[in-house]
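Trainee: sequence and predicted structure are below.
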Amino acid sequence: MRKIFKKITQGMYVVSTLDAACMIDTVNQVSAGDLPLISISVNKNNYTHQKIFKSQKFALSILSKDTDPNIIQTFGMTSSKNNNKFQNFSFSTVENIKVLNDSIGYIYCEVVDIIDADTHTIFIGRVKKEKIYNDKEPMSYNYYQDHKEELMQKVKTANNKIAWICTVCGYIKYIDTLPEDFKCPICGVGVNMFKKINIEGGDK
Ligand SMILES: Cc1cc2nc3c(=O)[nH]c(=O)nc-3n(C[C@H](O)[C@H](O)[C@H](O)COP(=O)(O)O)c2cc1C
C-alpha cells in the first residue's frame, strides 16, 4: 500500500450482509437528505462481495477505539466462507443481517447502484435504518495503522503462540518461521514486511 494512502482519513467498519461479513474502511456518505446514500468499496475476492451482490443489502457496524481487537482479526483476516464470524461475539439483527453490539451503532442500507472499480466494486446504498448505541470515539483507519501491533498483541489464542504481523495491513500468521516466498494474503507484501510477535494467551 502507498504510504500516502494512510493519510486519507477513513473509519473502521464491519460490513455485514446475509451469511457474510468483513472489515472495511472504504465508507463514504455520498448524499444528504432524509434518506442519504452511502458508498462502500468491497474487494471482488471477498466472500462478502458476492453475498452483497446477491442480497442487495448491507449493514455497517461502526467500530470504536475500544472495540475488541479480536473483531478486527476475525472479520478482517479470515473468510466467511465456511466460518460464522459472529459466533464469538454478541450481535443484534436488522432485516435478518447481524450487526455487532461491541460498536458505536449501525447503519442499514439497500443497494441502489453498483459501480465496477477494477479490483473492487462500489456499492451505493440507501440508508433505511440506523441506531446509535453509545457516544464512544470512532476508530479511524489511521489509528488502526498506528496501533495495529499493540491491538493485535491483545488478540487472544488458546496458547501463547509465535506469530508474524504484516506491518503494512496488520494480518497475522501463526507460524514459528515464515517460508521465504510467503506473501501476505491481504495486501500481497513479502516476508521482509513481517515482524515477529508473541500473541497473548487466553480462552477465545
Ligand atoms: C483494517 C482492515 C481494513 C480493510 N478494509 C477493506 C476494505 O475497505 N474493502 C475490502 O474489500 N476489504 C477490506 N479489508 C479486507 C477484508 O476484511 C478481508 O479480506 C476479509 O478477510 C474478507 O472476508 P470475507 O471473505 O468473509 O468477505 C480490510 C481488512 C482490514 C484488517
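Mentor: Structure's in. What do you need?
Trainee: which SS class is Asp146?
Mentor: Using DSSP: H, G, I helix; E, B strand; the rest coil, the secondary structure recorded for Asp146 is helix.
Trainee: residue of the chain closest to the ligand, please.
Mentor: When distances are taken as CB to the nearest ligand atom, the chain approaches the ligand most closely through Gly76, which lies 2.7 Å from it. For glycine as for every other residue, the C-beta is placed from the backbone atoms N, C-alpha and C.
Trainee: which helix or which strand is home to Lys54?
Mentor: Lys54 is part of helix 47-55, with elements assigned from DSSP states H and E.
Trainee: flag every buried residue along that helix.
Mentor: For helix 47-55, a neighbour-count test (16 or more other CB atoms under 10 Å) marks 48-52, 55 as buried.
Trainee: pretty sure the residue of the chain closest to the ligand sits in a helix.
Mentor: Yes: secondary structure of Gly76, determined by three-state DSSP: located in a helix.
Trainee: ok, it to Tyr141 distance?
Mentor: Between Gly76 and Tyr141 the distance is 11 Å, computed by CB to CB, to the nearest Å.
Trainee: one more: Asp118?
Mentor: As for Asp118, its distance to Tyr141 is 20 Å (criterion: CB to CB).
Trainee: and the two? Which one has more around it.
Mentor: Neighbours were counted for Asp118 and for Tyr141 using other CB atoms under 10 Å; Tyr141 has more, 20 against 6.
Trainee: would you mind giving me the confidence score for that one?
Mentor: Reading off the per-residue confidence, Tyr141 sits at a pLDDT of 93.
Trainee: got it, and Lys204?
Mentor: Per-residue confidence for Lys204 comes out at a pLDDT of 27.
Trainee: what does Thr17 give?
Mentor: 98.
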